[in-house]
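Asker: starting from these lines, generate the structure:
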Amino acid sequence: MESVNSKGGGEMANFRCVALIAAAAVLVWSAQALSAQYYITESESGIVAITDHEPEEGATILKGPFETRDAAEEALTDEEKEKLGTRGAGEGQGKGQGKNR
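Answerer: Model (predicted):
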């Protein structure tokens, strides 16, 4: 005969294992979210951007890292603001200025 505790003990061990895995996942996720760093970058074609990762090859870090996007935005100079998301001093990209379709 099996005791009542032997059946319940296995289920409790499974629950503890699942709870431990879930807690570890939350810790890893929150550590990644808290460690986000923002950079002000400029591509080879002159596009200035604020990114949450180091730039790819060919782009240059102008400033950073910053702990928040707001801090990166505050650090932009007027010249950088004009080139933010644009190629030089031209019209902005992705600002609804495209051709009528």
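
Asker: now P55, nearest residue through space, not along the chain?
Answerer: T41 (4.3 Å; C-beta to C-beta, 6 or more residues apart in numbering). The C-beta positions use only the backbone N, C-alpha and C, and glycine is treated the same way.

Asker: surely the one you found meets E57?
Answerer: No - in this structure, T41 is not within contact of E57 by C-beta atoms under 8 Å, at 11.9 Å.

Asker: quick one, phi psi at the residue nearest to P55?
Answerer: Per-residue torsions, T41: phi -120, psi 160 (degrees, to the nearest 10).

Asker: and it, bridged to which residues?
Answerer: Beta-bridge partners recorded for T41 (DSSP bridges): A49, I61.

Asker: against E82, how distant is it?
Answerer: Here the distance between T41 and E82 works out to 16 Å (C-beta to C-beta, to the nearest Å).

Asker: now V28
Answerer: According to C-beta to C-beta, V28 stands 39 Å off from E82.

Asker: circling back: what number of residues lie near the residue nearest to P55?
Answerer: 20 (other C-beta atoms under 10 Å).
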